[in-house]
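**Q** Sequence plus the predicted model coming up.
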Amino acid sequence: DTEVTQTPKHLVMGMTNKKSLKCEQHMGHRAMYWYKQKAKKPPELMFVYSYEKLSINESVPSRFSPECPNSSLLNLHLHALQPEDSALYLCASSRQPSGTNSYEQYFGPGTRLTVT
Amino acid sequence: KNQVEQSPQSLIILEGKNCTLQCNYTVSPFSNLRWYKQDTGRGPVSLTIMTFSENTKSNGRYTATLDADTKQSSLHITASQLSDSASYICVVSRNTGGFKTIFGAGTRLFVKA
């Protein structure tokens, strides 16, 4: 199984709502990532989890809260978002975090988020 | 400054034709270079990954080349199909501790019948 799954595929939420994005992989990967992608732009890194611990937070606003309950799951909790947060949110995983021995990242299909 | 630049920004070709996309990088120290294909609204899908010692890698109709001396890579698509219409993203990773992956802005390819 070389698949990263994400739910939901689409999400529309108001600025006062609380919602969560979910990501799952069963490849035994120990690094998982959240990216935000605006239209016609490359993905922008938000968070990196390494061995279920948050290792990188790219100065993401606190209205985005990541969580890694176990090595297969990654969540992104959303609260009090702004319309400019509307984007495609991508989850990815790799065998290990890229660095001295970079490993290929596998991306999920993304969640299309619209904040109204 | 670690950067990845792709050209052209967009490209229109006729079905059945070949095309070549370019990627120039200034990332150092270099670890690997990957090409991804991304359909609109979908996650990127890996096409090839190359390390410093590899200069050519193929995946079906996709062939990537890497010149580590000039820090250039290309992705050649042979006998294009309508389904090749997508964004192609070049991604370069640094060989250093921590997460250091730089994305190019991508080339949007349109294949017309």
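**A** Ah, there it is.

**Q** now the helix or strand of chain B with the lowest mean pLDDT, how far from the centre of its chain.
**A** Least confident helix or strand of chain B, by mean pLDDT, DSSP states H and E, is strand B:101-103 with a mean of 87. Mean-position distance between strand B:101-103 and its chain equals 12 Å (C-alpha atoms, centre = their mean, to the nearest Å).

**Q** Could you spell out the sheet neighbours of it, each with its direction?
**A** Here strand B:101-103 has these sheet partners by DSSP bridges: strand B:86-94 (antiparallel).

**Q** who touches the strand it pairs with?
**A** Residues from elsewhere that reach strand B:86-94 (C-beta atoms under 8 Å, 6 or more residues apart in numbering or on different chains): A:42, A:98-99, A:102, B:2, B:4, B:6, B:21, B:23, B:25, B:27-40, B:44, B:47, B:73, B:75, B:100-104, B:106-109. Heads up, the C-betas are built off the backbone N, CA and C, glycines and all.

**Q** Sort out which of those are buried, if you could.
**A** When the contacts of strand B:86-94 are checked for burial by 16 or more other C-beta atoms under 10 Å in any protein chain shown, the buried set is A:42, A:98-99, A:102, B:4, B:6, B:21, B:23, B:25, B:27, B:30-38, B:44, B:47, B:73, B:75, B:100-104, B:106-109.

**Q** So B:Thr65 is in contact with B:Glu54, correct?
**A** No. Between B:Thr65 and B:Glu54 there is no contact under C-beta atoms under 8 Å: 9.4 Å.

**Q** Which one's more surrounded, these two?
**A** Ranked by neighbour count (other C-beta atoms under 10 Å in any protein chain shown), B:Thr65 and B:Glu54 place B:Thr65 first, with 18 against 15.

**Q** Tell me which residues of stretch B:81-93 come out buried.
**A** Residues B:Asp84, B:Ser85, B:Ala86, B:Ser87, B:Tyr88, B:Ile89, B:Cys90, B:Val91, B:Val92, B:Ser93 are the ones in stretch B:81-93 that count as buried (16+ other C-beta under 10 Å).

**Q** swap that for stretch A:66-77, please
**A** Of all the residues in stretch A:66-77, those buried under the rule 16+ other C-beta under 10 Å are A:Pro66, A:Cys68, A:Ser71, A:Ser72, A:Leu74, A:Asn75, A:Leu76.

**Q** Equivalent analysis for stretch A:44-63, please.
**A** With burial defined by 16+ other C-beta under 10 Å, the residues of stretch A:44-63 counted as buried are A:Leu45, A:Met46, A:Phe47, A:Val48, A:Tyr49, A:Ser50, A:Glu52, A:Val60.

**Q** what about residue 14, neighbour count?
**A** All of this refers to chain A. Residues near A:Gly14, counting by other C-beta under 10 Å, number 10.

**Q** The intended chain is chain B.
**A** The number of residues packed near B:Leu14 is 10, by other C-beta under 10 Å.

**Q** Show me the shaky parts of chain B.
**A** Within chain B, the ranges that satisfy pLDDT under 70 run B:96-99.

**Q** That'll do, ta.
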